[in-house]
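1. sharing a sequence plus its predicted fold:
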There are 2 protein chains.
Amino acid sequence: MAPDLRTELKQTKPFRSLEEEAMLNLSRTAALLEHRLGDVFKAHGITGTQYNVLRILRGAGPNGLCRNEVRDRLVAQVPDVTRLLDRMEEASLVERERSEVDRRLVATRITKQGLKLLEQLDKPVADAHHDQLGHLNQTQLRSLIELLGMARSAT
Amino acid sequence: MAPDLRTELKQTKPFRSLEEEAMLNLSRTAALLEHRLGDVFKAHGITGTQYNVLRILRGAGPNGLCRNEVRDRLVAQVPDVTRLLDRMEEASLVERERSEVDRRLVATRITKQGLKLLEQLDKPVADAHHDQLGHLNQTQLRSLIELLGMARSAT
DNA sequence: GACACGTGTGTGTTATAACACCTATTATTC
DNA sequence: GAATAATAGGTGTTATAACACACACGTGTC
């Protein structure tokens, strides 16, 4: 049932190592699943990264977070958080206010409209996750999560 | 040792489902590993996607492949393969020639320079793979590959 | 051989990513 | 308390991704 990546990509040559095979499987799987998930976000006018920011800010509460804190909590590394937030502010999903205490800081908060959008997305996103990974049982999901965690913990 | 993603991202709320946790782990792991691998490519003036194209064309041999065949074999989905190949042709890594048999087709082949670059990259890329995933044993790598394959095979 | 259709490729445009650099404010050192 | 470093944020520019569209060629049908 589980398709072999080499067949999937019509590759003629075998992988040179198990590490290489794992890395390519990882890239392809992430790209495929993110692409499908991206369709859900796109239907609501945002990108996956923007969805991530909204969830981070919802979790942060009414005080909001400054730019670098948002950056550090993003799942994927984004070098230009300023303009990402610019676009979201333009879309009225977040609001920003310079701190009075430390005038270097700019707190970013999620707006009511941003919260509303997130609520609308909660179910379709959960459905998409279930569609894509629901056929793995709990043991398999836990094992996958564990192995991915190990993969990130290279010395 | 394997870090918990929730801690890693300073998340206050638990994941809503195992599927969600697996998806986020997948995205983050792929982004991290691809980013580090990207540094290797960047040091040689190309991107990860371009490296992928070179490997595809090396595997295809002297007849080359047409654009859509390249597109279908790419690990990640790229909508604009034409200009990707334009840039690589500009860099003398590939060459293109319109087919005499079917004048719609344009065969793309890897050049000697492209082959040379690939050879230079073979070792550093293998090293990077080993650095990043070498601490997993064979059983773990096979298990990871198997689970990722299953994740791609959603109905 | 004229027509509709499918396929392969390329183009125009906009949005975003990526990278290097710059400014403002605060903390630190002497 | 003046100089220096460190931190937070923003800007300018280029490259690439993403999307819709248009053109060229081949195939099948009548």
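-> Cool, the structure landed. Quantities reported herein were computed from a predicted structural model and do not represent experimental measurements. Residues are numbered from 1 along each chain as shown, chains lettered A, B, ... in the order given.
2. so for stretch A:91-100, what's the average pLDDT?
-> Mean pLDDT, computed over stretch A:91-100, is 92.
3. what about it, near DNA strand C?
-> No: counting by C-beta under 7 Å from any atom of the strand, DNA strand C has no neighbours in stretch A:91-100; the shortest distance is 7.8 Å. No exception for glycine: its C-beta is placed from N, CA and C like everyone else's.
4. how about that stretch: buried residues?
-> By neighbour count, with 16 or more other C-beta atoms under 10 Å in any protein chain shown as the criterion, the buried positions of stretch A:91-100 are A:93-95.
5. for DNA strand C, what is the nearest residue in chain A?
-> When distances are taken as C-beta to the nearest atom of the strand, chain A approaches DNA strand C most closely through A:Arg103, which lies 3.4 Å from it.
6. tell me which helix or strand that residue sits in.
-> Of the helices and strands defined by DSSP states H and E, none includes A:Arg103.
7. okay if I get the buried residues of stretch A:91-100 as a markdown table plus secondary structure?
-> As requested, the buried residues of stretch A:91-100 are arranged in a markdown table below (DSSP: H, G, I helix; E, B strand; the rest coil):
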| residue | secondary structure |
| --- | --- |
| A:Leu93 | coil |
| A:Val94 | strand |
| A:Glu95 | strand |
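8. for DNA strand D, what are the nearby residues on chain A?
-> Counting by C-beta under 7 Å from any atom of the strand, the residues of chain A near DNA strand D are A:38, A:42, A:66-68, A:80, A:82-83, A:85-86, A:96, A:104-106.
9. residue ranges for the strands of chain A, please.
-> A:94-98, A:106-110 (DSSP state E).
10. any stretches of chain A with poor pLDDT?
-> Filtered on pLDDT under 70, chain A yields the residue ranges A:1-3, A:155.
11. show me which pair in the residues of chain A next to DNA strand D is furthest apart.
-> Between all members of those, the longest pairwise span (C-beta to C-beta) is found for A:Lys42 and A:Arg104 and amounts to 35.1 Å.
12. any of the residues of chain A next to DNA strand D buried? List them.
-> A:38, A:67, A:85, A:106.
13. separation between the third one and A:Leu65?
-> Spelled out, that is A:Leu85. Distance check for A:Leu85 against A:Leu65: by C-beta to C-beta, to the nearest Å, it reads 10 Å.
14. now list whatever residues contact both of those two.
-> Common contacts of A:Leu85 and A:Leu65, defined by C-beta atoms under 8 Å, 6 or more residues apart in numbering or on different chains, comprise A:Thr108.
15. got a list of what A:Asn63 touches?
-> Contact partners of A:Asn63, counting by C-beta under 8 Å, 6+ apart, are A:107, A:109.
16. and A:Val101, backbone torsions?
-> Listed backbone geometry of A:Val101 is phi -70, psi -60, with angles given as degrees, to the nearest 10.
17. related to what we said a few turns ago, next step: the residues of chain A next to DNA strand D restricted to helices.
-> Those of the residues of chain A next to DNA strand D mapping onto helices are A:38, A:42, A:67-68, A:82-83, A:85-86, per DSSP state H.
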